[in-house]
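Peer 1: Quick check, what structure comes out for this input:
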Amino acid sequence: MQLAFVLYKYFPFGGLQRDFMRIALECQARGHTIRVYTLIWEGDVPPGFEVLVIPVKAWSNHSRNIKMSAWMQADLAKRPVDRLIGFNKMPGLDVYYAADGCYEDKAQTLRNPLYKRWGRYRHFAEYERAVFDRASKTEILMISEVQQPLFIKHYGTQVERFHLLPPGITHDRRAPANAPQIRAEFREEFKLKADDLLLVQIGSGFKTKGVDRSLKALAALPSELKKRTRLYVIGQDEPKYFQLQAAALGVSDQVEIMKGRSDIPRFLLGADLLIHPAYNENTGTVLLEALVAGLPVLVSAVCGYAHYIAEADAGRVLDEPFEQSQLNAYLAQMLTDDGARAAWGRNGLAFAETADLYSMPQHAADVILAEPRS
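Peer 2: Coordinates of the predicted model:
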């Protein structure tokens, strides 16, 4: 079959983007042809992919999205495909990968009532309804159970159109046999002493991921513990605000903010704790990547994959509603207790041996390639 995938932006380090790539490659491996529509493409193009960077511009994101959709539909009219798979919500999709939560629910519960008068709201609400309305035929790939009831509440979406996927982390995130050697070399490269403690926070969108909360927790550590603790933040985002916050908190010397990079497994093996106090997170793939690397995790409960950390006993999950004081206390406790961190690491490695944390691309491809529902 000729398959077309559409997403607004591709870069190699985003969670949605990595999921798209693995699903598209799985479909290609099964003998199907891949076309991609996007506004921005950063990184290499896999052999055999036809990538179309759509040449539209606009003053606002929602106007740009509308122009992109029109351009794509015109091209599809001339060159039809068997399936159109979207990684952002928009009209005309055969399959939608639900990386984002329910926009309408956020608009009703988190926004001022006047927000609904804006063109931005009308656009994103319309594009979400095009996917989830009862009249739509779009099949929906869900990566979090948390959001499904919200879509049903607002749109009456038929339950049978939802397909819950297992996680899909790559096997290269699992701790290899020479993990201790990799850890030692990493810590030597980054000039970490034997008793230094390294926190890592990994993910694009620093505000949503709660980097501000992590910085406050680092600054609140007892003096002697704080002196030997460092925080590496890695992801695609503008770091300036958080660098200023670190300076204001007096922890600039202990914080390094890096752009997205391809050697994340080294950081997971070289660190002592993954901190992830996100404000909201549909899943949180990095939580599982840390788990299978044997790295303990401290995470907020709103993350869709936080329950895996609890089930595996591979770290600690914060209570909801979030309290900064609890994050501060948990962080200090986890960094102080070397034995507990070792146990959480072993528990994560054991969990990785038996749980299905890897087969998302295969299950997604099964749904994409299935006969359309009558």
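Peer 1: show me where the stretch 151-300 of the chain has helices.
Peer 2: Counting by DSSP state H, counting those that start in this stretch, the stretch 151-300 of the chain has helices at residues 179-189, 206-209, 211-219, 223-227, 240-249, 264-270, 285-293.
Peer 1: Adding mean neighbour count and mean pLDDT, write those out as JSON lines.
Peer 2: In this view, the C-beta of every residue, glycine as well, is placed from N, C-alpha and C. Output for the helices of the stretch 151-300 of the chain, formatted as JSON lines (neighbours: other Cβ atoms under 10 Å; pLDDT from 0 to 100):
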{"stretch": "helix 179-189", "mean neighbour count": "15", "mean pLDDT": "97"}
{"stretch": "helix 206-209", "mean neighbour count": "18", "mean pLDDT": "96"}
{"stretch": "helix 211-219", "mean neighbour count": "22", "mean pLDDT": "98"}
{"stretch": "helix 223-227", "mean neighbour count": "11", "mean pLDDT": "97"}
{"stretch": "helix 240-249", "mean neighbour count": "15", "mean pLDDT": "98"}
{"stretch": "helix 264-270", "mean neighbour count": "21", "mean pLDDT": "96"}
{"stretch": "helix 285-293", "mean neighbour count": "28", "mean pLDDT": "96"}
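Peer 1: looking at the ones you listed, which is closest to I40?
Peer 2: Set against I40 and scored by Cβ to Cβ, the helices of the stretch 151-300 of the chain come closest in helix 206-209, at 19.3 Å.
Peer 1: I'd like to know which elements the closest one is packed against.
Peer 2: helix 240-249 (3 or more Cβ pairs under 8 Å, 6 or more residues apart in numbering; DSSP states H and E).
Peer 1: Can I get the helix it packs on in CSV, CA atoms only?
Peer 2: Extracted as CSV, the C-alpha positions of helix 240-249 are listed here (Å, rounded to 0.1, in the frame of the first residue of the first chain):
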residue,chain,number,x,y,z
LYS,A,240,17.2,31.3,28.8
TYR,A,241,14.3,31.5,31.3
PHE,A,242,15.6,28.4,33.2
GLN,A,243,19.2,29.6,33.2
LEU,A,244,18.0,32.8,34.8
GLN,A,245,15.9,30.9,37.3
ALA,A,246,19.0,28.7,38.2
ALA,A,247,21.0,31.9,38.7
ALA,A,248,18.3,33.4,41.0
LEU,A,249,18.3,30.2,43.0
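Peer 1: Count the residues that sit near the closest residue to G156 other than its chain neighbours.
Peer 2: Using Cβ to Cβ, 6 or more residues apart in numbering and skipping the chain neighbours, the partner closest in space to G156 is R134 (4.8 Å). Neighbour count of R134, defined by other Cβ atoms under 10 Å: 10.
Peer 1: F162 now?
Peer 2: Counted with other Cβ under 10 Å, residues neighbouring F162 total 18.
Peer 1: Who are the contact partners of it?
Peer 2: With contacts defined as Cβ atoms under 8 Å, 6 or more residues apart in numbering, F162 is in contact with I140, M142, Q148, F151.
Peer 1: Double-check that the first one belongs to a helix.
Peer 2: It stands for I140. No. Read with DSSP: H, G, I helix; E, B strand; the rest coil, I140 is strand and lies in no helix.
Peer 1: Quickly list what it is bridged to.
Peer 2: Y96, F162 (DSSP bridges).
Peer 1: was I right about it contacting R161?
Peer 2: Yes. Using Cβ atoms under 8 Å, I140 is in contact with R161, at 5.4 Å.
Peer 1: Among the two, which residue is more densely surrounded?
Peer 2: Taking other Cβ under 10 Å, I140 and R161 do not tie; I140 has more neighbours (22 against 18).
Peer 1: how close does that one sit to Y37?
Peer 2: In this structure, I140 lies at 19 Å from Y37, with Cβ to Cβ, to the nearest Å as the measure.
Peer 1: do the same with V53
Peer 2: 9 Å.
Peer 1: neighbour-wise, which of those two wins?
Peer 2: Taking neighbours as other Cβ under 10 Å, V53 and Y37 compare with Y37 leading, 23 against 11.
Peer 1: Quick check: buried residues in the helix or strand hosting the more buried one?
Peer 2: Assessed by DSSP states H and E, Y37 sits inside strand 33-38. Neighbour counts over strand 33-38 (16 or more other Cβ atoms under 10 Å) mark I34, R35, V36, Y37, T38 as buried.
Peer 1: how about the third one, what does it touch?
Peer 2: By that I understand V36. A4, F5, V6, L7, Y10, A24, F49, E50, V51, L52.
Peer 1: Helix, strand or coil: sort out the last one for me.
Peer 2: If I follow you right, that is L52. Under three-state DSSP, the three-state class of L52 is strand.
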